[in-house]
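Visitor: structure for this input, please:
(one chain, ligands or ions: 1)
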Amino acid sequence: MKIAMGNDHAGFPLREAICEAIKALGHEVVDFGIQTEEACDYPQVVAPLTHAIAQGECDLGILVCGTGIGMAIAANKVRGIYAARCEECFSARMAREHNAANVLTMGGRTIGPGLAGEVVQAFLTTTPTTEERHVRRQEQVRRIETSQTA
Ligand code: RB5
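Guide: Below is the predicted model:
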């Protein structure tokens, strides 16, 4: 898979561990992140990365800021993007399996590189379930996206 990876300055400390975890699974990293701890505005990273996923140029995305919160809020403004902030493996698996999330967010100031690598692995090795009730709920989410009603 092509995995879009993006970070701001606060996410910079996790960059290496996340890129390594992606490559260790045999996936390609498409890099939207900054390679410095010089301050930048996280929405500037979110926009091109999420558009690449929404347009089918990348399969899944991983975004890292200070807490993972700003990245998740901004990413979820883009139609077709379902971003989940997960900082332990169970949530990362559920985000994929039940919610069909296509973007994982984490915080460079809230999780260490070892656990972050394991969370990335959990996210990338889990596929969305085909169970009817979850597919139905995902469809209801998509309806809110387009019409504001479930
Ligand atoms: C930057 O200081 C920080 O606010 C940003 O990385 C992110 O955590 C926002 O949600």
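Visitor: who's in contact with whatever residue of the chain ends up closest to the ligand?
Guide: Among residues of the chain, the one nearest the ligand by C-beta to the nearest ligand atom turns out to be residue 70. It sits 2.3 Å away. For glycine as for every other residue, the C-beta is placed from the backbone atoms N, C-alpha and C. Remark: with contacts taken as C-beta atoms under 8 Å, 6 or more residues apart in numbering, residue 70 is in contact with 42-43.
Visitor: averaged pLDDT, the helix or strand where it lies. What do you get?
Guide: Per DSSP states H and E, residue 70 falls inside helix 69-75. The average pLDDT for helix 69-75 rounds to 98.
Visitor: what does stretch 136-143 give?
Guide: If you average the pLDDT over stretch 136-143, you get 97.
Visitor: in it, what's buried?
Guide: With burial defined by 16 or more other C-beta atoms under 10 Å, the residues of stretch 136-143 counted as buried are residue 138.
Visitor: residue boundaries of the helices in this protein?
Guide: Listed in chain order, the helices of the chain (DSSP state H) span 15-24, 42-54, 69-75, 89-97, 113-124, 132-147.
Visitor: can you tell me which of those helices is most buried?
Guide: Mean neighbour counts were compared across the helices of the chain using mean count of other C-beta atoms under 10 Å; the top stretch is helix 69-75, at a mean of 23.
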